[in-house]
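Colleague: sequence first, predicted coordinates after that:
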Amino acid sequence: MSTDTIGTPDQLSDPPTNVPSSTDAPVLSRTDKLAPGHFRAIALLMASAFTVILNETTMSVALPPIMDELGVTATTGQWLTTAFLLTMAVVIPATGFLINRLGTRGAYLLAMSLFTVGTALAMIAPGFAILVTGRVVQATGTAIMMPLLMTTIMTIVPAHMRGRVMGNVGLVIAAAPALGPTLSGVILEPLGWRGVFGVVLPVSVLALVAGLLWIRDVSEKDKHHLDPLSLLLALVAFGGLVWGLSGLGEGAHAAAGTLNPWIPLSTGLVFLGLFIWRQIVRQRTNSALLDLRTFLHSNFRVAIGIMSVSMLAMLGTLIVLPLVLQEAMGMTPLQSGLIVLPGGLAMGLLGPVVGRWYDKIGPRPILVPGTVLVTLGIGMLAFLHPGTSPFYVLGAHILLSLGLSAVFTPLFSSALGVLQPHQYSHGSATINTVQQVAGAAGIALFIAIMTLRSETLTDSGVSAADAMTSGAGLAFGIGAGVMALTIGLATLIRRPETDGEFHGGH
């Protein structure tokens, strides 16, 4: 996290816990700095979240050597990623309860302990089953970290500073996944696949020790007990949705005897309805696993809608584009990775800048052009063919990435900014759950469209390369059309009224 966005530790002062509203005091009374302890806590949470999210995408490059050493097929090996995503989808809905119950310190120590144990287990795994178990334990810790980061920022950062601080989250959600495959590739040659976990392990241990020293609770703990039925419904609902969507994405490439993806998908939808009903009942006693009253706020509803489509577009593109570059346009894995790396880095590095813009001008002047850029970027990719210049692809992906950087920070800040403090953890958990399901949906949608279209063209005599780029082009075109709908939605997002504390009202 860049220190210039919130000041260096020796420049920081106490946070404005009792700053009068703008109706009682001049705007000059606001405080633009964080207390040193709060600065260290947020910096540590940012670094920890970066580490655990970075780990999500390392398996894509490490899978081939793992398959060779442990003697598993590609279909079996994919469970290293699928199990990770399934665990994330199941655990995230419960993070609102965990954060409120355990407090900031307890939730952080639990998250990093699980991640550290999972990393160590994966590093020494003697067989594939233990390796998958390690990934599941890792994913459990990862699932807690992002909602905890957002909740802590919303709790201890003054309203007028949230944009610039939340902008640093872009470094986590964008740069970390982009760097994962590159880092994995660098480590694999000298250290092998175990080295991918071995390099991360000391970093996670260090973060755990730092958490023991620096992390303190920033809000009162909740005394409500866990509802086992809600947890069971969440497990089947969100696990079924992600499993089913992942299966749809595999399509014709699914192994013989694989469960029909419509079975877990339809089961997930049924249990999602039951989960929602259960939460509405539990909300009457303020004991819901995931408080859905966050959806009573228009800003939150609209932001979730835009975020869903944006995640669908981003992850669908991230999966399909490298496949097309390698299999239809003849690029090496390194070349395809280098093409998408600048966009990912630009998206992350622009996050703090977008955050400062948000604090100054509000969400709409950033969101509207951002959604336009995302739509144009995906639309440009719809015209790919085997002879397309790599620079055209690079430009389209950078355009897409810049647009996404202008979308996520305002959405996070606007969605969470309208909630009451006791709802922050539930709002953060909802946002991260939606991201997981929307991401799985995007991958399934893009791959299914590309596969169906390319197989139809191949059967009619079109070359494999032309058929694949045509199929991917159709997927990108539909994605651009869906993304275009968010341009109008972006005009409905308003600056949260809480910002008026420090800006003189709105």
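Modeller: Received the coordinates, thanks.

Colleague: domains in this structure, as residue ranges please.
Modeller: In terms of domains, the chain is parsed into 31-221, 227-288, 294-506 (source: automatic domain parsing).

Colleague: what comes up buried for stretch 361-368?
Modeller: Buried residues in stretch 361-368, counted by 16 or more other C-beta atoms under 10 Å: 362, 363, 364, 366, 367, 368. All C-beta spots, glycine's among them, are computed from the backbone N, C-alpha and C.

Colleague: out of those, flag the one nearest to residue 442.
Modeller: Residue 442 lies nearest to residue 367 out of the buried residues of stretch 361-368, by C-beta to C-beta, at 19.5 Å.

Colleague: if you count neighbours, what's buried in the lengthiest helix in the chain?
Modeller: In the chain, taking DSSP state H as the definition, the longest helix is helix 424-459. Neighbour counts over helix 424-459 (16+ other C-beta under 10 Å) mark 424-451, 453-454, 457-458 as buried.

Colleague: before we move on, back to that, now the domains of the chain in CSV, with mean pLDDT?
Modeller: Output for the domains of the chain, formatted as CSV (pLDDT from 0 to 100):
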stretch, mean pLDDT
domain 31-221, 85
domain 227-288, 83
domain 294-506, 86
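
Colleague: for the stretch 51-200 of the chain, what spans make up the helices?
Modeller: 59-70, 74-77, 79-91, 95-123, 128-156, 162-167, 169-170, 176-191, 193-214 (DSSP state H, counting those that start in this stretch).

Colleague: which residues are in contact with the last one?
Modeller: Pointing back at helix 193-214 there. Applying C-beta atoms under 8 Å, 6 or more residues apart in numbering, the external contacts of helix 193-214 come out as 37, 40-41, 44, 47-48, 51-52, 54-55, 58, 62, 65-66, 69, 105, 108-109, 112-113, 115-116, 119-120, 122-124, 134, 183-184, 187-188, 191.

Colleague: try it again at 7 Å.
Modeller: Residues outside helix 193-214 that contact it (C-beta atoms under 7 Å, 6 or more residues apart in numbering) are 40-41, 44, 47-48, 51, 55, 58, 62, 65-66, 108-109, 112-113, 115-116, 119-120, 122-123, 184, 187-188, 191.

Colleague: mind giving me the PyMOL command for buried ones among those residues?
Modeller: Restricted to buried positions by 16+ other C-beta under 10 Å, the PyMOL selection for these reads:
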select buried, resi 40+41+44+47+48+51+55+58+62+66+108+109+112+115+116+119+120+122+123+184+187+188
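
Colleague: just to revisit the earlier point, nearest to residue 295, out of the helices of the stretch 51-200 of the chain?
Modeller: Of all the helices of the stretch 51-200 of the chain, it is helix 95-123 that lies closest to residue 295, at 13.6 Å by C-beta to C-beta.

Colleague: so which elements touch that closest one?
Modeller: helix 128-156, helix 193-214, helix 424-459 (3 or more C-beta pairs under 7 Å, 6 or more residues apart in numbering; DSSP states H and E).

Colleague: dump those to a markdown table, plus distance to residue 356.
Modeller: Shown next, in a markdown table, are these (distance: least, C-beta to C-beta, whole Å):
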| stretch | distance to residue 356 |
| --- | --- |
| helix 128-156 | 15 |
| helix 193-214 | 26 |
| helix 424-459 | 22 |
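
Colleague: closest one to residue 221 among these?
Modeller: When the helices and strands packed on helix 95-123 are compared for distance to residue 221 using C-beta to C-beta, the nearest one is helix 424-459, at 11.2 Å.

Colleague: report the buried residues of stretch 200-207.
Modeller: Those would be 200, 203, 204, 207, for stretch 200-207 by 16+ other C-beta under 10 Å.

Colleague: now do the second one against residue 467, distance only.
Modeller: Taken as C-beta to C-beta, to the nearest Å, the spacing of residue 203 relative to residue 467 amounts to 44 Å.

Colleague: likewise residue 228?
Modeller: According to C-beta to C-beta, residue 228 stands 50 Å off from residue 467.

Colleague: ditto for residue 300
Modeller: Separation of residue 300 from residue 467 (C-beta to C-beta): 42 Å.

Colleague: and residue 416, by the same measure?
Modeller: Here the criterion is C-beta to C-beta. By it, residue 416 lies 44 Å from residue 467.

Colleague: who has more neighbours out of the two?
Modeller: residue 416 (26 against 21; other C-beta atoms under 10 Å).

Colleague: quick one, what contacts the residue nearest to residue 197 when sequence neighbours are not counted?
Modeller: In this structure, residue 197 finds its nearest non-sequential neighbour in residue 123, 3.8 Å apart by C-beta to C-beta, 6 or more residues apart in numbering. Contacts for residue 123 (C-beta under 7 Å, 6+ apart) come out as 194, 197, 198, 201.

Colleague: mind redoing it with 8 Å?
Modeller: Per C-beta under 8 Å, 6+ apart, neighbours of residue 123: 134, 194, 197, 198, 201.

Colleague: from residue 117, how far off is the first one?
Modeller: Using C-beta to C-beta, we find residue 134 at a distance of 8 Å from residue 117.

Colleague: and for the second one?
Modeller: Noted for residue 194: a distance of 16 Å to residue 117, by C-beta to C-beta.

Colleague: of the two, who's got more company?
Modeller: residue 194 (19 against 16).

Colleague: and for residue 308, the neighbour number?
Modeller: So residue 308, with other C-beta under 10 Å, has 19 neighbours.

Colleague: what helix or strand is it located in?
Modeller: Secondary structure assigned from DSSP states H and E places residue 308 in helix 298-327.

Colleague: may I see the buried residues of that helix?
Modeller: 299-300, 302-322, 324-325.

Colleague: which strands and helices sit next to that helix?
Modeller: For helix 298-327, the packing partners by 3 or more C-beta pairs under 8 Å, 6 or more residues apart in numbering; DSSP states H and E come out as helix 333-361, helix 364-381, helix 390-417, helix 424-459, helix 464-490.

Colleague: show me what the longest one is packed against.
Modeller: The elements that helix 424-459 packs onto, with contact taken as 3+ C-beta pairs under 8 Å, 6+ apart, are helix 79-91, helix 95-123, helix 128-156, helix 228-250, helix 298-327, helix 390-417, helix 464-490.

Colleague: angle of the fifth one against helix 464-490?
Modeller: To tie it back to what came earlier, the one meant is helix 298-327. Using axes from the mean of the first three to the mean of the last three C-alpha atoms, to 10 degrees, the direction of helix 298-327 lies 170 degrees away from that of helix 464-490.

Colleague: can I get the helices and strands packed on helix 424-459 in a markdown table including distance to residue 375?
Modeller: Converted to a markdown table, those look like this (distance: least, C-beta to C-beta, whole Å):
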| stretch | distance to residue 375 |
| --- | --- |
| helix 79-91 | 26 |
| helix 95-123 | 32 |
| helix 128-156 | 26 |
| helix 228-250 | 23 |
| helix 298-327 | 9 |
| helix 390-417 | 8 |
| helix 464-490 | 5 |
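
Colleague: fine, thanks again, bye for now.
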